[in-house]
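Q: Kindly generate the corresponding structure for this input.
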Amino acid sequence: MSRTPTIDVACLCAAWCRLCDAYRAVFDQVQAEFTRDGLSVRWHWIDIEDEAELVDDFDVETFPTIVVVDTAAVRFAGPLTPQPDTLRRVLRTALAPAGPDHSWPRATTEIANFGQRLRQRQVDGSHAGPNA
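A: Numbers count the residues shown, from 1 in each chain. A predicted model of the protein is given here:
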């Protein structure tokens, strides 16, 4: 039996963004729901200015932007409307087990590189989120 890979979910926002302030509660609420379901997920709240080195050349144009990445691929990357149900729908799809023949849409180089850096910071143990 193969082990389910750990998946990283990142919300990219900015401290100056008032929408992000309000979205933090939505992100935390949905995170708590998925954590109760026992999924192997590491959650990240990333301020794109405070963590500019991590974000690097990934140009975040709209907030909130969600990135979901596993060991093999970026499963989702893009802005969302700030409603809890939208985040739940995206995560239900992106966190679903993928069959052996499944492939995720190809991510841009900038997003794929961000996903690698995000997973690497977990290996290093730096900037781990509260529920990582």
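
Q: Check which helices and strands the helix-or-strand element of the chain with minimal mean pLDDT sits against.
A: Here the helix or strand of the chain ranked lowest by mean pLDDT, DSSP states H and E is helix 109-124, holding a mean of 86. When contacts are defined as 3 or more Cβ pairs under 8 Å, 6 or more residues apart in numbering; DSSP states H and E, helix 109-124 packs onto strand 7-13, helix 52-55, strand 65-69, strand 74-79. (C-beta placed from N, C-alpha, C; glycine too.)

Q: Next, give phi and psi for A98.
A: When read as degrees, to the nearest 10, the backbone of A98 gives phi -100, psi 130.

Q: burial count for it?
A: 15 (other Cβ atoms under 10 Å).

Q: Confirm R88 sits in a strand?
A: No: using DSSP: H, G, I helix; E, B strand; the rest coil, the assignment for R88 is helix, not a strand.

Q: quick one: contacts for the closest residue to it other than its chain neighbours?
A: Nearest residue to R88, sequence neighbours excluded (Cβ to Cβ, 6 or more residues apart in numbering): V30, at 5.8 Å. By Cβ atoms under 8 Å, 6 or more residues apart in numbering, the residues touching V30 are 84, 87-88, 91.

Q: which of these count as buried?
A: 87, 91 (16 or more other Cβ atoms under 10 Å).

Q: Output the below-cut-off pLDDT ranges for this protein.
A: The chain contains residues with pLDDT under 70 at 1-5, 122-132.

Q: Pull out the buried residues from the biggest helix by length in it.
A: Using DSSP state H, we find that the single longest helix of the chain is helix 18-36. Residues 20, 23, 26-27, 30-31, 34 are the ones in helix 18-36 that count as buried (16+ other Cβ under 10 Å).

Q: Tell me the helix or strand right after that helix.
A: strand 41-47 (DSSP states H and E).

Q: From the contact counts, what lies against that next one?
A: Against strand 41-47 (3+ Cβ pairs under 8 Å, 6+ apart) you get strand 7-13, helix 18-36.

Q: That concludes my questions; thank you for your assistance.
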